[in-house]
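> Quick one: sequence plus predicted model below, questions after.
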Amino acid sequence: MAASPTLAPRPSANLTPTDSSKANESAGRLATQKTPPGLVSQVTAAPSASVPSNRTASRLQHAPHTGSLAPTPESPDSESARPTPPPLETDAHAQAAGGLNTPLSVAHSRSTEPSLVREAQPASPSEASDSAANVLFTRQSPSLSVETVGPRRISVGNASNYEVAIYNAGQVVADHTAVTIDLPEWVEVLGAEATAGSAESMPASGKTPSQIHWQVGRLEAEGREKLILKIVPRESRPLDLTVKWDYKPTTSQAVIEVQEPRLVMQLDGPREVLYGRPEIYRLEITNAGNGGAENVVLSLFPMGPSQGPPATHQFGNLVAGEKKAVEVELTARHTGTLTIKVDAKADAGVEAHLAEKILVRRAGLAVAVEAPAIQYVGTDATYRIRVNNPGNAPAKNVEVTASLPPEMKYVTNVQGGLPDADHRKVTWTAESLSPGGEVVFLLTCDLHTAGSGRLNVLAKADDDVAASGDAMTRIEAIADLTLSVTDPSGPVPVGQETTYELHVHNRGTKAAENVEVVVYFSYGIEPFSAEGHQNRIGSGQVVFDTIPNIAPGEDLMLKVCARADAPGNHVCRAEVSCEALGTRLVSEETTHFYSLAKISPPTAPSTSSSQTEEPAAKTVEESTDVPETIAQSPVAQEPTPVPLKK
């Protein structure tokens with residue numbers, strides 16, 4: 001900031017007061033004091049002065065310094081010695097009323113303070129120019145003089161007129177001018193008429209004599225006003241006619257301009273921005289003061305919680321009223337409400353601060369995948385994919401992609417998803433997702449392999465907005481065994497070899513381990529051989545050794561050969577159990593065996609209808625109770641099941 005110029009005058013002249021006590025005095029009129037020609041006066045206001053009246057009946061004379069009228073011996077040559085004052089009109093009517101032969105005229109002038117003059121000294125043109133430039137003010141004061149005109153001698157009981165005139169010989173106005181005339185208490189005032197203002201008679205009170213208060217008011221430069229007093233003395237003693245005057249002093253005032261720079265900053269730009277998108281701001285700095293700002297430096301602080309040094313810019317000097325601007329590109333890297341802080345500093349401790357809040361909006365994505373925790377191989381599973389926008393701005397061009405693991409195969413979807421060529425990915429799109437909005441996608445997959453199938457979902461949108469989610473399904477494989485028994489397709493003669501086939505099928509996705517198979521026969525039929533797996537043959541039964549493993553999809557066939565030794569319906573029952581699976585399967589078939597012996601024809605044709613014999617077959621999934629004994633039926637009777645041998 002530029003230093004303010006020193007407002008001190010150059011010492012080109014010495015200022016000395018003039019002795020005002022050497023004013024010219026006379027017994028008649030007193031000349032108004034004047035300043036010697038060619039000298040400049042600088043004055044200040046002074047207190048009021050008073051003029052006492054002549055205590056003798058001869059002559060009134062000016063009393064130096066006090067502004068009062070005091071009696072003095074007559075001086076024959078005083079009239080010729082005194083300077084001529086500005087003419088004051090004499091009221092002829094007043095003189096006539098008082099019967100005056102020789103008018104009394106007392107004049108007094110006053111400069112309210114000693115005059116100040118410059119001693120004449122030669123000065124160079126440059127000094128004179130500097131001195132004139134440093135002069136703050138030149139003041140002049142009013143120069144007032146009061147003159148009292150009236151008879152020198154008056155009689156007790158007779159009315160007399162006196163004229164009190166006040167004159168402003170100065171070049172400036174005297175404001176609030178007031179004249180006070182003190183009278184003895186034995187003097188009666190019959191009237192007081194003023195050419196300007198108002199006059200008021202105040203009676204004596206205690207030590208205060210009776211007074212005439214004349215409020216003259218404004219007295220123009222070289223202006224004069226007068227007051228006519230009509231008084232009557234009631235006692236024969238000297239009359240003191242004391243006149244005092246006053247006015248409002250002129251104020252000495254110089255307006256000194258104090259210069260001060262004042263920096264003001266303004267930031268123009270959007271108050272809501274999108275995350276990661278650059279925005280242009282215009283930073284304007286103005287010197288709104290009346291002084292120059294020097295070496296202005298701007299500091300722009302980082303936005304958000306991250307700490308770092310501010311970016312600075314040198315603006316240089318700014319004169320009063322000057323304005324400069326700079327454009328700043330800002331990119332928000334944090335969401336929510338951020339504050340742009342700028343500091344401006346200049347020499348002499350001049351500072352300005354700016355803090356503007358902006359709202360940073362950003363779209364958000366969140367992905368949640370709902371899936372079954374456990375599912376079995378060979379089944380279908382449906383996955384629910386939820387995508388929502390937790391941000392405060394819309395998400396544009398949303399793309400959601402689900403990636404299938406090897407354990408799954410794509411089946412179908414809803415909401416218009418598009419699978420790729422290999423059916424390993426499914427993609428959905430949405431033009432926009434509003435803040436707080438949500439969209440749901442459904443995907444159905446075939447779980448064809450045991451394991452941990454993890455479905456991964458990736459969602460992304462414009463402005464680098466992305467989110468991911470996943471869900472895992474534990475895909476379990478299980479062994480699923482089935483059993484079927486195949487017997488001969490018709491009645492079998494007694495004694496003929498008969499083969500029974502047992503089919504154990506694992507339709508599950510996991511191997512069945514430690515499978516046990518036992519085949520039972522009823523009375524009248526005995527097994528004699530078996531194949532397909534190692535076995536042991538006993539009375540009425542075949543026990544196969546434990547089968548260590550039946551692979552998924554495997555069909556194990558076991559064969560048992562048996563021969564009936566009695567006709568009738570004979571049962572073959574197979575049981576399969578797997579302790580690891582908790583599975584027990586039962587299946588049985590009934591076969592009709594008949595005898596080859598000759599039967600005599602009947603003596604008479606039978607009239608009853610022949611009975612149709614059909615073998616009965618039954619497959620049992622669960623074990624059933626079989627009676628221990630079944631009576632054998634003759635060949636000609638209805639076949640009846642026989643008991644199993646266990």
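Nice, I can see it.
> what's around residue 323, how many residues?
12 (other Cβ atoms under 10 Å). Placement of C-beta: from N, CA and C, glycine included.
> That one reaches residue 283, doesn't it?
No: counting by Cβ atoms under 8 Å, residue 323 stays clear of residue 283, with 11.5 Å between them.
> roughly how far apart are the residue lying closest to residue 487 once chain neighbours are set aside and residue 502?
Closest residue to residue 487 in three dimensions, ignoring its sequence neighbours and counting by Cβ to Cβ, 6 or more residues apart in numbering: residue 589, at 3.8 Å. According to Cβ to Cβ, to the nearest Å, residue 589 and residue 502 sit 10 Å apart.
> which residues do those two both contact?
Counting by Cβ atoms under 8 Å, 6 or more residues apart in numbering, the common neighbours of residue 589 and residue 502 are 485-486.
> neighbour count winner among the two?
Each of residue 589 and residue 502 had its neighbours counted (other Cβ under 10 Å), and the higher figure belongs to residue 502 (24 against 21).
> Tell me if the more buried one really is in a strand.
Yes: under DSSP: H, G, I helix; E, B strand; the rest coil, residue 502 sits within a strand.
> Can you give the contact residues for stretch 467-474?
Counting by Cβ under 8 Å, 6+ apart, stretch 467-474 makes contact with 364-375, 381, 383, 385, 387, 447, 452-460, all of which sit outside it.
> Look at residue 348 and tell me its secondary structure.
Here residue 348 takes the helix state, with states given by three-state DSSP.
> Report pLDDT for it.
For residue 348, the pLDDT comes out at 90.
> for residue 587, same thing?
Note for residue 587: predicted pLDDT of 92.
> and it, what element?
According to DSSP states H and E, residue 587 maps onto strand 583-594.
> Can you list the strands that that strand pairs with?
strand 492-493 (parallel), strand 568-578 (antiparallel), strand 617-618 (antiparallel) (DSSP bridges).
> Output the below-cut-off pLDDT ranges for the chain.
When the per-residue scores of the chain are filtered using pLDDT under 70, the ranges that remain are 1-139, 207, 250-254, 306-307, 597-646.
> Looking at the strands paired with strand 583-594, spot the one closest to residue 516.
When these are compared by Cβ to Cβ, strand 568-578 sits nearest residue 516, at 5.1 Å.
> where do the strands sit along the stretch 401-550 of the chain?
If you assign secondary structure with DSSP state E, counting those that start in this stretch, the strands in the stretch 401-550 of the chain sit at 408-413, 418-419, 425-433, 438-447, 451-461, 465-476, 481-486, 492-493, 497-506, 512-522, 525-531, 535-538, 541-544, 547-550.
> Dump these to JSON lines, plus distance to residue 259.
What follows is those, written out as JSON lines (distance: least, Cβ to Cβ, whole Å):
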{"stretch": "strand 408-413", "distance to residue 259": "78"}
{"stretch": "strand 418-419", "distance to residue 259": "75"}
{"stretch": "strand 425-433", "distance to residue 259": "58"}
{"stretch": "strand 438-447", "distance to residue 259": "64"}
{"stretch": "strand 451-461", "distance to residue 259": "57"}
{"stretch": "strand 465-476", "distance to residue 259": "55"}
{"stretch": "strand 481-486", "distance to residue 259": "106"}
{"stretch": "strand 492-493", "distance to residue 259": "134"}
{"stretch": "strand 497-506", "distance to residue 259": "104"}
{"stretch": "strand 512-522", "distance to residue 259": "103"}
{"stretch": "strand 525-531", "distance to residue 259": "123"}
{"stretch": "strand 535-538", "distance to residue 259": "122"}
{"stretch": "strand 541-544", "distance to residue 259": "118"}
{"stretch": "strand 547-550", "distance to residue 259": "105"}
